[in-house]
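Engineer: Give the three-dimensional model of this entry:
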Amino acid sequence: MKTDYMMNVDDVSEKLGVSKGHAYKIIRELNDELAKKGFIVIAGKIPKAYWNTKFYGESTERIAI
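Structural biologist: Numbering: from 1, shown residues only. Take a look at the predicted model:
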(Lines give C-alpha, C1' and ligand atoms only; values in the text may rest on other atoms or scores of the structure.)
Protein backbone atom coordinates (compact mmCIF):
# COMPACT_ATOMS: atom_id res chain seq x y z
CA MET A 1 0.00 0.00 0.00
CA LYS A 2 1.59 3.26 -1.10
CA THR A 3 0.65 6.44 0.70
CA ASP A 4 1.65 10.05 0.21
CA TYR A 5 2.46 10.49 3.90
CA MET A 6 6.24 10.16 3.58
CA MET A 7 8.84 11.57 1.20
CA ASN A 8 11.80 9.47 0.09
CA VAL A 9 15.21 10.44 -1.26
CA ASP A 10 13.93 10.71 -4.84
CA ASP A 11 11.22 13.16 -3.75
CA VAL A 12 13.67 15.33 -1.79
CA SER A 13 16.26 15.24 -4.56
CA GLU A 14 13.68 16.32 -7.14
CA LYS A 15 12.14 19.08 -4.97
CA LEU A 16 15.50 20.67 -4.16
CA GLY A 17 17.35 19.87 -7.38
CA VAL A 18 20.23 18.18 -5.53
CA SER A 19 21.99 14.82 -5.78
CA LYS A 20 20.64 11.79 -3.98
CA GLY A 21 23.66 11.86 -1.67
CA HIS A 22 22.86 15.40 -0.58
CA ALA A 23 19.17 14.53 -0.27
CA TYR A 24 20.08 11.68 2.11
CA LYS A 25 22.09 14.13 4.21
CA ILE A 26 19.12 16.49 4.46
CA ILE A 27 16.78 13.65 5.39
CA ARG A 28 19.21 12.52 8.13
CA GLU A 29 19.33 16.05 9.55
CA LEU A 30 15.54 16.36 9.57
CA ASN A 31 15.16 12.90 11.12
CA ASP A 32 17.69 13.83 13.83
CA GLU A 33 15.56 16.87 14.67
CA LEU A 34 12.43 14.72 14.89
CA ALA A 35 14.17 12.08 17.01
CA LYS A 36 15.31 14.76 19.48
CA LYS A 37 11.67 15.82 19.78
CA GLY A 38 10.74 12.22 20.65
CA PHE A 39 9.26 11.09 17.34
CA ILE A 40 9.92 7.72 15.77
CA VAL A 41 11.78 8.12 12.47
CA ILE A 42 12.29 5.92 9.43
CA ALA A 43 15.72 6.04 7.82
CA GLY A 44 15.65 7.44 4.30
CA LYS A 45 12.17 8.95 4.65
CA ILE A 46 10.70 12.13 6.09
CA PRO A 47 7.04 12.95 6.83
CA LYS A 48 5.62 15.44 4.33
CA ALA A 49 4.01 17.37 7.19
CA TYR A 50 7.42 18.03 8.75
CA TRP A 51 8.97 18.83 5.36
CA ASN A 52 6.29 21.47 4.83
CA THR A 53 7.17 23.17 8.13
CA LYS A 54 10.88 23.33 7.28
CA PHE A 55 10.91 24.58 3.69
CA TYR A 56 9.47 27.97 2.79
CA GLY A 57 6.68 27.98 0.26
CA GLU A 58 5.86 24.28 0.50
CA SER A 59 2.57 24.72 2.32
CA THR A 60 0.11 27.47 3.00
CA GLU A 61 -1.03 25.67 6.16
CA ARG A 62 0.97 25.64 9.36
CA ILE A 63 1.23 22.13 10.79
CA ALA A 64 2.16 21.80 14.46
CA ILE A 65 4.80 19.16 15.08
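
Engineer: wait, what's in contact with the residue nearest the centre of the chain?
Structural biologist: Taking C-alpha atoms, centre = their mean, the centroid of the chain lies closest to residue 46, which sits 3.4 Å from it. Listed by C-beta atoms under 8 Å, 6 or more residues apart in numbering, the contact set of residue 46 reads 6, 7, 12, 27, 30, 31, 34. All C-beta spots, glycine's among them, are computed from the backbone N, C-alpha and C.

Engineer: Please repeat the previous calculation with a cut-off of 7 Å.
Structural biologist: By C-beta atoms under 7 Å, 6 or more residues apart in numbering, the contact set of residue 46 is 6, 7, 27, 30, 31.

Engineer: Among those, which ones are in strands?
Structural biologist: Using DSSP state E, the subset of the contacts of residue 46 located in strands is 6, 7.

Engineer: Spatially nearest residue to residue 26 (excluding sequence neighbours)?
Structural biologist: residue 12 (6.0 Å; C-beta to C-beta, 6 or more residues apart in numbering).

Engineer: right, and the one you found touches residue 25 too?
Structural biologist: No. Residue 12 is not in contact with residue 25 according to C-beta atoms under 7 Å; the separation is 9.8 Å.

Engineer: which residues in this structure form strands?
Structural biologist: Going by DSSP E, the chain shows strands at 6-8, 45-47.
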